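1. coordinates only, no sequence provided:
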Ligand SMILES: Cc1ncc(C[n+]2csc(CCOP(=O)(O)OP(=O)(O)O)c2C)c(N)n1
């Protein structure tokens, strides 16, 4: 078993004003508290199925998503609770979805791995490793063809890099110069398979660069590094009018899912990475720079816990979708009076996210 | 005034119309542009509509079918051409796990208005990796519609409602039909809901689709010469199946032969038979029989290929055996 050592600790002053710094800290804490609670609820049998926690990796979603515009598109994986929350989804609708309740964002059809939100342009929650990449390429193609400014950010793990979909997608995006930000969350393992046990070339930026796209690497445990690299990547994306690849080097503190005995890594490795935890290191930096007091931290944490409690109450109070509606959304319901045949090409785009 | 047209020209016209009328429509696939389309369905389109809307893709079925799904989600109306159904297996993940599932999985938030066209079927000695009929597999999947235009009108008429449909539609074009010619009536508009009777009869109903339709019609002609009036029902829409038209054919003829170029086991023909068992069993005067492909990867040699596929003679023989 190879040792995966944590990179050097962050240094230098935080280049942000207090309000922005606290916002990012707040979002990391909200994810952390929500997920800690989710794990507990899983143990209690309230949440079922697969549950993949993001604990340890929060800086990546928070730092990257705060670099994006509200109308950019997001495509994520089954480890997407944090992305959904930072994007602006109600914690209650996320929690209710994990409960399988009718009030969940996908009415209980998707669960933890399939959070969707048309309003914030979150296109899932994809549980096929690599499955989101072609989708992101297509969303970006649509934006380009419609002369929209929006970009599509696509999150995926290091495991996805071995899939054909990764290579086909990077090639297409680069060939057609599409505005995709490929965000690779390299937490060093795909389930129990370490990167060097699955890749002949473990330098992921080199892979991306081979498709003729700019590639950056960022310390994914350092929210400042993540955010600044993401902004840099977006600048490059606009300048080069094509895709950009960013590798966020991060680490998952918890098991892959709730069914993982973690036989493939050493406790000491996890403990070493935990010393680089994105929340406590950032908290310490802000305190050292006089941008955060202990009282402020406690207030932020208390608010996060309250939000979690309210989300759980919302999910608990939720209802079950009537079984009579089981087949309701398999297909779009036919229009009231179907026009016989013929070109009906002028109809409004059903694909556009339906508001509300 | 009807006019004479080939199946290929009819589909080409349909695509041309869609591209000309709706700026959201674009065509993508391997060799749809410079090459003019594997089967020349898009010849001249690149010059007329430009490379933005006639997109040659790399050889990456998974990638470009997935990209088309994304583009549909993003407000476009892509038509994706996959060279053959065999190659569509490389894209099956995106079709089944994303396009078909997205609407339900997202609680109705996102639908995927995508059209995928592909060639299907045997009969050209292309052997086991270019000749299969897998539309029955696709028809198994909730969340998509599956069409099999088998006539000039349907080649001309089914694309527009497929593009107007808010959900993914997969169109199977049997390669054996591309060069057939026929009269396109003035009103060629088509629905994508119903089966259609292509020949009236009363003694036996032959239920079929796609490339087997001309074979069923030829068999019906032979049978008529021998005093047996066969009705021929063209399913047209393989998912959702038009159960009512199937039941009506059973009620009218009381004997049924299902003709399907798919392999017998687990075939679309099996599904048609199951529906008859469920809803029209007591209307039958004889057990339903079927003529399917032999359960073998389609072979190259012509005599073997012919032997593997449904043929008019096999249909005639099946009917006569059933009539006793
Ligand atoms: C196509 C596919 N193959 C296998 C799996 C099973 N699986 C789920 S997650 C996972 C590991 C993926 O690792 P990575 O991409 O690094 O993401 P991480 O879980 O570390 O966030 C595997 C193998 C799957 N969901 N999809």
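-> Yep, that arrived. Since the model is a prediction, treat every value here as computed from it, not as a measurement.
2. can you give me the helices in the chain?
-> Answering for chain A, as no chain was given. A:18-43, A:58-65, A:81-87, A:91-99, A:132-145, A:164-175, A:195-198, A:204-209, A:223-240, A:267-274, A:278-288, A:294-317 (DSSP state H).
3. that was the other one, I meant chain B.
-> With DSSP H as the criterion, chain B has helices spanning B:7-21, B:45-49, B:61-73, B:85-88, B:92, B:102-105, B:135-138, B:152-157, B:159-164, B:213-225, B:243-253, B:268-280, B:302-308, B:312-323.
4. could you redo the ones you listed as JSON lines and give each row distance to the ligand and mean pLDDT?
-> Just so you know, the C-beta spots here come from the backbone N, C-alpha and C atoms, and that holds for glycine as well. Formatted as JSON lines, those follow (distance: least, CB to the nearest ligand atom, whole Å; pLDDT from 0 to 100):
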{"stretch": "helix B:7-21", "distance to the ligand": "33", "mean pLDDT": "98"}
{"stretch": "helix B:45-49", "distance to the ligand": "35", "mean pLDDT": "97"}
{"stretch": "helix B:61-73", "distance to the ligand": "11", "mean pLDDT": "97"}
{"stretch": "helix B:85-88", "distance to the ligand": "18", "mean pLDDT": "94"}
{"stretch": "helix B:92", "distance to the ligand": "12", "mean pLDDT": "97"}
{"stretch": "helix B:102-105", "distance to the ligand": "14", "mean pLDDT": "98"}
{"stretch": "helix B:135-138", "distance to the ligand": "19", "mean pLDDT": "97"}
{"stretch": "helix B:152-157", "distance to the ligand": "36", "mean pLDDT": "98"}
{"stretch": "helix B:159-164", "distance to the ligand": "29", "mean pLDDT": "98"}
{"stretch": "helix B:213-225", "distance to the ligand": "38", "mean pLDDT": "98"}
{"stretch": "helix B:243-253", "distance to the ligand": "35", "mean pLDDT": "98"}
{"stretch": "helix B:268-280", "distance to the ligand": "28", "mean pLDDT": "97"}
{"stretch": "helix B:302-308", "distance to the ligand": "34", "mean pLDDT": "93"}
{"stretch": "helix B:312-323", "distance to the ligand": "41", "mean pLDDT": "97"}
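5. deepest of those helices, which one?
-> Most buried of those, by mean neighbour count (mean count of other CB atoms under 10 Å in any protein chain shown): helix B:61-73, with a mean of 30.
6. please report the distance of the residue nearest to the spatial centre of chain B from residue B:191.
-> Geometric centre of chain B, nearest residue: residue B:148, 1.9 Å, by CA atoms, centre = their mean. Going from residue B:148 to residue B:191 by CB to CB, to the nearest Å gives 14 Å.
7. distance of the residue most central in space within chain A relative to the ligand?
-> In chain A, the residue lying closest to the centroid (CA atoms, centre = their mean) is residue A:83, at 3.6 Å. Using CB to the nearest ligand atom, to the nearest Å, residue A:83 is found at 12 Å from the ligand.
8. name all residues that make contact with the spatially closest residue to residue A:104 that is not a sequence neighbour.
-> Leaving aside its chain neighbours, residue A:104 sits nearest to residue A:97 (2.9 Å; criterion: CB to CB, 6 or more residues apart in numbering or on different chains). Residues in contact with residue A:97 (CB atoms under 8 Å, 6 or more residues apart in numbering or on different chains) are A:104-106, A:108, A:110-112, A:114-115.
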